[in-house]
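Provided below are the primary sequence and the corresponding predicted coordinates.
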Amino acid sequence: MNRKRLEELLQQLTHVQMAVIGDLFLDNYMIMERRLSEVSIETGIEAYQVVETRQYPGAAGTVVSNLRALGVNVLALGFCGDDGNGYVLRRKLLEQKVDLRGLIEVPGYSTPTYTKPMMRELDGYEHELNRMDVKNRTPLPSDLEALLVSRMESLISEADGMLVIDQVQERNCGVITDRIRSEIRDLAVRYPEKIICVDSREYLSLFENVILKSNVRESLRAARLEQRSDDDLQTLVDHCGHELSKRTRHPVIITLGKEGLYLVEDAAAKGVYLPSIHVTGPVDIVGAGDCVSSAIGSALCAGASLTEAGILSNLAASVVIQQIGVTGTATPQQILAQFDAHPEITYFE
């Protein structure tokens, strides 16, 4: 990858239309000052004092934000409630100029929300306390599944590809239910020219006919493999990636955390290892995986090879992890600056 090709690819992203289907959460950051803490008269417990709040689209919404930062046009598919968090989520997405024809507002539905208390200590250091989650823990009603299927089928023809973000652990309680997985499998058969990439925390093995993106733990579970203490990481993920690619007949992307990425184009091809880009100073890995999904899926839609898409995602992720206490994104300008700052990377020309 040279700078000219990177610039061409980033420019091409502005012509890409990507559908994103999944659980659109609201990330609600609450910044608290330790020096302002009070002691509750009633309980004698420290009462934290909130001095600032920050809200961002989270979960599948993080993927949406990363795509928009790259200049990709986005169609969002999912649900939100008619509650206050739903109002804020929709407003934040509209501010980013996201197409919300596929975001269905459901009366009485609790908008999924991650509340993230951030304590600012006396020395100015901020850290996250116990997160508080609002999720739907009952199966998605069949009428809502049917409505979402209808929206998905009507909008997919407008998109160059689709990212499937399957993050809710409770089976059939999130947006990506068994029925939705079945519909996605059928769409992949009907639209073989479209890039459909899936990121699933718990149910990767249930997807067919699509590109899979996951971390090592998720990949091992999906491939029904176990990691032993003496296993070499690259050998293990190579075996795992080829096994999954053999099942899906599509590429597999495995994130290796601080070690980088492993790419398998197909079951008959040799895997490609892309080391991560080393950054200095504090890092926050929250959202790095979503950044990879966004960059790889949209780059493939823009005509990039799998290796080029992986390089772009490594660059974007190295920008995102340097953003502390926020739902980070990477712009084309930041990506180009990161490219220029790291001439030592062997896969840069």
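That came in fine, so what should we check first? Keep in mind it's a predicted model, so treat the numbers as computed, not measured.

So the closest residue in space to residue 288 that isn't next to it in sequence, which state does it fall into?
Leaving aside its sequence neighbours, residue 288 sits nearest to residue 317 (CB to CB, 6 or more residues apart in numbering; 4.8 Å). In short, each C-beta sits where N, CA and C put it, glycine included. Secondary structure for residue 317, judged by DSSP: H, G, I helix; E, B strand; the rest coil, is helix.

ok, now how distant is residue 317 from residue 279?
10 Å (CB to CB, to the nearest Å).

related to what we said a few turns ago, now do the same contact list for the residue nearest to residue 288.
276, 277, 288, 291, 292, 295, 330 (CB atoms under 8 Å, 6 or more residues apart in numbering).

Can you tell me which of those are buried?
276, 277, 288, 291, 292, 295, 330 (16 or more other CB atoms under 10 Å).

what about the second one, which helix or strand?
It stands for residue 277. Following DSSP states H and E, there is no helix or strand that holds residue 277.

how far away is the nearest residue to it once chain neighbours are set aside from residue 33?
Distances taken as CB to CB, 6+ apart place residue 318 nearest to residue 277, at 4.0 Å, with adjacent residues excluded. Distance, residue 318 to residue 33, using CB to CB: 31 Å.

Can you pick out the residue with more neighbours from those two?
residue 318 (24 against 15; other CB atoms under 10 Å).

Contact partners for that one?
276, 277, 279, 338.

what residues are up against the second one?
By CB under 8 Å, 6+ apart, the residues touching residue 277 are 314, 315, 317, 318, 338, 342, 345.

Which two among the contacts of residue 318 are spaced furthest apart?
Pairwise distances across those peak at 11.8 Å for 276 and 338 (criterion: CB to CB).

Now pLDDT too, for the contacts of residue 318, in a markdown table please.
As requested, the contacts of residue 318 are arranged in a markdown table below (pLDDT from 0 to 100):
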| residue | pLDDT |
| --- | --- |
| 276 | 93 |
| 277 | 93 |
| 279 | 88 |
| 338 | 95 |
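
follow-up on the earlier one: redo the buried ones among the contacts of residue 317 as a markdown table? Include secondary structure and distance to residue 83.
Formatted as a markdown table, the buried ones among the contacts of residue 317 follow (DSSP: H, G, I helix; E, B strand; the rest coil; distance: CB to CB, whole Å):
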| residue | secondary structure | distance to residue 83 |
| --- | --- | --- |
| 276 | coil | 39 |
| 277 | coil | 40 |
| 288 | helix | 29 |
| 291 | helix | 28 |
| 292 | helix | 31 |
| 295 | helix | 32 |
| 330 | coil | 31 |
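
Identify, from these, the entry nearest to residue 159.
residue 295 (16.9 Å).

Surely that closest one is in contact with residue 309?
Yes: in this structure, residue 295 is within contact of residue 309 by CB atoms under 8 Å, at 6.9 Å.

so what's residue 106 closest to, chain neighbours aside?
residue 79 (5.4 Å).

again, but for residue 243
Closest to residue 243 by CB to CB, 6+ apart is residue 223, at 4.5 Å.

For the residue nearest the centre of the chain, list the residues it contacts.
When the chain is reduced to its mean C-alpha position, the closest residue under CA atoms, centre = their mean turns out to be residue 290, at 2.1 Å. Residues near residue 290 by CB under 8 Å, 6+ apart: 59, 62, 63, 66, 165, 199.

Mind doing that once more with 6 Å?
62, 63 (CB atoms under 6 Å, 6 or more residues apart in numbering).

how much space between it and residue 18?
From residue 290 over to residue 18 (counting by CB to CB), the distance is 13 Å.

ditto for residue 93
With distances taken as CB to CB, residue 93 is found 14 Å from residue 18.

can you check residue 109 too?
25 Å.

for residue 187, same thing?
14 Å.

cool, and residue 266?
23 Å.

Same drill for the two, tell me which one is more crowded.
residue 18 (27 against 14).

chain center to stretch 190-208, what's the gap?
Centroid separation for stretch 190-208 versus its chain: 14 Å, with CA atoms, centre = their mean, to the nearest Å.

meant to ask about stretch 254-273
18 Å.

measure it end to end?
One end of stretch 254-273 to the other measures 10 Å (CA to CA, to the nearest Å).

And the strands in the stretch 51-200 of the chain, which stretches?
73-81, 99-106, 113-120, 126-128, 132-134, 161-166, 195-200 (DSSP state E, counting those that start in this stretch).

Comparing the ones you listed, which yields the minimum mean pLDDT?
Among those, strand 126-128 carries the lowest mean pLDDT, a mean of 89.
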